[in-house]
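Novice: Dropping a prediction and its sequence here:
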Amino acid sequence: MAIELMNQNTSTENILEVHNLKKYYPLSKFSIGKRKAYVKAVDDVSFNIRKGTTMGLVGESGCGKTTVGRTILRLHDVTSGKVIFNGMDLSKVSSGQLRKMRPQMQMIFQDPYSSLSPRLPIGEIIGEAVKEHKIVPKSKYRSYILKVMQDCGLQPQYFYRYPHEFSGGQRQRISIARAVALKPKFIICDEPLSALDVSIQAQIINLMKDLQEQYGYTYLFISHDLSVVEYLSDTIGVMYLGSMVEIGKKKKIFSNPMHPYTKALLSAVPKSNPDEKMNRIILEGDIPSPIKPPSGCKFRTRCQYAMPVCAEKAPILKEYEDGHKTACHLYSQD
Amino acid sequence: MGLFDRFKTKKIEGVDDTMYLTLREERRITKENTKIIKEFERQKNRKHVTEAEYLTQMRDPSNVVEFDNLHTYFFTEVGTVKAVNGVSFDIPQGKIVGVVGESGCGKSVTSLSLMQLVQAPQGQIADGSIRYQAGNGKCYDITKMPKDQMLKIRGKEIAMIFQEPMTSLNPVFRIGEQMDEVVLLHVEGATAESAKARSIEMLNLVGIADEEKIYKNYPHELSGGMRQRVMIAMALACDPRLIIADEPTTALDVTIQAQILELLRNVKDKINGSIMLITHDLGVIAEMADNVVVMYAGRIIEQGTVHEIFKEPKHPYTIGLMKSKPGGKLKEDRLYSIKGQVPNPINMPDFCYFCNRCDHAMNICSKEYPNMVKFSPDHLTACHLYYGEGLQEQNQKRMQNNQSEGKE
């Protein structure tokens, strides 16, 4: 009984649980007589995010991190697996129900230049969904939008201006305001900083942190920039070619990276210190094609510790320390 | 209430109307610009320019390029954009010079001026000179050089690696054809076979294992990292004296970035050339550069060797940039962020451009543009904090702080 209760407790703490999520894209529609080929964009990914925390998802481009974000929100349909958000399986709910749940989960997109409609003034961009979902009564609509704008560091006179009048950093603030205006519980940030300058990045990072403190948002932060992820997240998942290779608390990942890929990623980040030159692991070659991934461990073609067993079977994600999981044959006993 | 009142634009409180121009003003500016541009183009398109006109003397023969008070302006219909506004620095032989700054600070335009590739007719080098020491021992002023002479230098002695390998390779030609073209154009007596041999040698040099196959591929068949390698191979084909790398790794992943940076460093040693590395990533600069130039709004605000810049940054902007980068060993909860944003490039003030974003701004800062202060032979910075009135004010502040602390 006690054990059951505890389990329930942990599951209510998690705002999002992803179980064995798979997303395959068929390569061609007509494949009679041929074996159907798929791009396994996301292949068996599982993780949980606790309420009010930030999870960072890192990896090279093409590793499927954006697809994970989009399938969680069901912008793409799930091939198999479960996405449980607040106790509801998102992969099963009807489209009517999904629509009702949409305000609770929002997304901030990568490119602030193409994700804002050029024909709508800022107030309209932020307020469109607020009207649609009736977040606030009509009489309070304007004052509510202005308050959201103020929270995100936008001045009230911007209400009637159009996106082209703003710089990249301001536009990203507008994207954030648009997401935040729906009073969401969970926000997916898909590389929100990669199009911005360093000094502006810092402003946006601070804004996101402040908003989280104030309203208790949960973030899934997708990025390829490890230093930003280190700064913002509580847990970190490292993806490679559609699968999770390592997941754990931020401190563990940075102080004791286990998977060779994580080690290489960490050492590849240029340090702002001219004395620390040249002591890095340089990965050979490119990320392999996801259509024909290598047999066994997907990373073995670039791994400096590759063993014969790596080509034979795929390593399983195993827990080695408290919450620190990795999928690598180096650490498995057998 | 008149009939048409509702069609009038609403006057919104607090909106700065000065950034909008009336049609009449715009027309006046366009008219003026046409006149100015015509004059520049006439100068540029003169025929029979003798070599004596663009021959000069290097200040220091160990430099490959010397920028001297370079001004590159863009004459747009909303006003003149001073993209590069008085930039002077040197690129020594065999060194990597890193140019950092935010987008729009003029770092790319500086390099394009050096290649004579500034978007004409609206973009023009208005003043200053770029002295280039050519391979034949002569020294040319690139700003005065006629176009046909420039063809002999561009791509051969000064090569450029562009930011986006996706868009800077021609999608309808095979990699091999594009690479051969460089050799065929620049090397005298080159045949199709020798060009191919050279291209394959270069592909091999940049670490492409399957060079014969890549030679026959189209750009879309390659990954981003591979394309960037091809770009580098192409730049190296004629043994350039100077490579300009304009954000060579911005579009790439960290692991691929590490590969490309390693490659650039090796390549530099092999051809014994110099690299002008343009980036906004301080980490890349720290890793690669020997000398650093920090630009802000079209001007150099600090320059020095990489150790001087990273160990003892002097200008508040440089300090701010370093602090605002996450991932240092910081323990504070908030990242330092430089407030505000880069000023509008039209109608720049005649005082310090960084003044309204600076934490140390003083009275003098909004009066005049600071001079360059020398800390060591290489380390220069343009800031009022370190000389004259500003220094006095700073000292007074410090004194007062000390006194108030003493009282407590």
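Specialist: Great, that's in hand.
Novice: Keeping just the C-alphas, turn the helix ranked longest in chain B into CSV.
Specialist: Criterion DSSP state H: the longest helix present in chain B is helix B:23-44. In CSV, the C-alpha atoms belonging to helix B:23-44 read as follows (Å, rounded to 0.1, in the frame of the first residue of the first chain):
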residue,chain,number,x,y,z
LEU,B,23,8.2,60.5,-48.3
ARG,B,24,9.6,64.0,-49.1
GLU,B,25,12.6,63.5,-46.9
GLU,B,26,13.2,60.1,-48.3
ARG,B,27,13.2,61.5,-51.8
ARG,B,28,15.7,64.2,-50.9
ILE,B,29,18.0,61.6,-49.4
THR,B,30,17.8,59.4,-52.5
LYS,B,31,18.6,62.3,-54.7
GLU,B,32,21.7,63.2,-52.7
ASN,B,33,22.8,59.6,-52.6
THR,B,34,22.6,59.3,-56.4
LYS,B,35,24.9,62.2,-56.7
ILE,B,36,27.5,60.8,-54.2
ILE,B,37,27.3,57.3,-55.6
LYS,B,38,27.8,58.5,-59.2
GLU,B,39,31.0,60.2,-58.2
PHE,B,40,32.3,57.1,-56.4
GLU,B,41,31.5,54.9,-59.4
ARG,B,42,33.1,57.3,-61.8
GLN,B,43,36.3,57.1,-59.8
LYS,B,44,36.1,53.4,-59.7
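Novice: quick one, phi/psi of the residue of the stretch 51-200 of chain B found nearest chain A?
Specialist: Going by CB to the nearest CB, chain A is nearest to B:Glu102 of the stretch 51-200 of chain B, at 4.1 Å. Bear in mind the C-beta positions are built from the backbone N, C-alpha and C, glycine included. Main-chain dihedrals, B:Glu102, degrees, to the nearest 10: phi -80, psi 170.
Novice: Can you list the residue ranges for helices in the stretch 151-300 of chain B?
Specialist: Using DSSP state H, counting those that start in this stretch, the helices of the stretch 151-300 of chain B run over residues B:165-168, B:175-186, B:192-205, B:211-216, B:224-236, B:254-271, B:282-288.
Novice: With distance to B:Gln116 and mean pLDDT as extra columns, can I get those in JSON lines?
Specialist: Converted to JSON lines, those look like this (distance: least, CB to CB, whole Å; pLDDT from 0 to 100):
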{"stretch": "helix B:165-168", "distance to B:Gln116": "17", "mean pLDDT": "81"}
{"stretch": "helix B:175-186", "distance to B:Gln116": "16", "mean pLDDT": "92"}
{"stretch": "helix B:192-205", "distance to B:Gln116": "25", "mean pLDDT": "92"}
{"stretch": "helix B:211-216", "distance to B:Gln116": "30", "mean pLDDT": "90"}
{"stretch": "helix B:224-236", "distance to B:Gln116": "17", "mean pLDDT": "88"}
{"stretch": "helix B:254-271", "distance to B:Gln116": "22", "mean pLDDT": "86"}
{"stretch": "helix B:282-288", "distance to B:Gln116": "26", "mean pLDDT": "89"}
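Novice: got CSV for those helices, with mean neighbour count too?
Specialist: Listed next are those as CSV, based on neighbours: other CB atoms under 10 Å in any protein chain shown:
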stretch, mean neighbour count
helix B:165-168, 17
helix B:175-186, 20
helix B:192-205, 18
helix B:211-216, 16
helix B:224-236, 24
helix B:254-271, 19
helix B:282-288, 24
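Novice: Look up how far B:Asn170 lies from the spatially closest residue to B:Arg229 that is not a sequence neighbour.
Specialist: Excluding the flanking residues, the one nearest B:Arg229 by CB to CB, 6 or more residues apart in numbering or on different chains is B:Val206, at 4.5 Å. Per CB to CB, to the nearest Å, B:Val206 is found 19 Å from B:Asn170.
Novice: Between the two, point out the one with more neighbours.
Specialist: B:Val206 (22 against 13; other CB atoms under 10 Å in any protein chain shown).
Novice: So the more buried one sits against B:Val267, correct?
Specialist: Yes - using CB atoms under 8 Å, B:Val206 is in contact with B:Val267, at 7.1 Å.
Novice: hang on, the earlier thing: ok, the residue nearest to B:Arg229 - contacts?
Specialist: B:229-230, B:232-233, B:236, B:263, B:267 (CB atoms under 8 Å, 6 or more residues apart in numbering or on different chains).
Novice: Those residues: which two are farthest apart?
Specialist: B:Val230 and B:Val267 (13.4 Å; CB to CB).
Novice: Apart from its chain neighbours, what residue comes closest to the residue of the stretch 51-200 of chain B closest to chain A?
Specialist: In space, and not counting its chain neighbours, B:Glu102 is closest to A:Asp197: 4.1 Å by CB to CB, 6+ apart.
Novice: The closest residue to B:Asn356 other than its chain neighbours and B:Glu102, how far apart?
Specialist: Closest residue in space to B:Asn356, ignoring its immediate chain neighbours: B:Gly340 at 6.2 Å, by CB to CB, 6+ apart. Distance, B:Gly340 to B:Glu102, using CB to CB: 12 Å.
Novice: Just want to know which of the two has more residues nearby.
Specialist: B:Glu102 (20 against 14).
Novice: That one reaches B:Ile338, doesn't it?
Specialist: No - using CB under 8 Å, B:Glu102 is not in contact with B:Ile338, being 9.5 Å away.
Novice: Common neighbours of the two, please.
Specialist: With CB under 8 Å, 6+ apart as the test, B:Glu102 and B:Ile338 both reach A:Ser199.
Novice: Any idea how far stretch B:189-202 is from the middle of the chain?
Specialist: 32 Å (CA atoms, centre = their mean, to the nearest Å).
Novice: Flag the shaky bits of the stretch 101-250 of chain A, pLDDT-wise.
Specialist: By pLDDT under 70, the stretch 101-250 of chain A contains no weakly predicted segment.
Novice: Just want the residue of it that's nearest chain B.
Specialist: Counting by CB to the nearest CB, the stretch 101-250 of chain A gets nearest chain B through A:Ser227, at 2.8 Å.
Novice: secondary structure element for that residue?
Specialist: If you go by DSSP states H and E, A:Ser227 is part of helix A:226-232.
Novice: Just checking: what are the partner strands of the next helix or strand after that helix?
Specialist: The helix or strand immediately downstream of helix A:226-232 is strand A:235-240, counting by DSSP H and E. Paired with strand A:235-240 in the same sheet, following DSSP bridges, are strand A:54-58 (parallel), strand A:243-249 (antiparallel).
Novice: I'd say A:Thr66 and A:Asp190 touch.
Specialist: Yes - between A:Thr66 and A:Asp190 there is a contact under CB under 8 Å: 5.7 Å.
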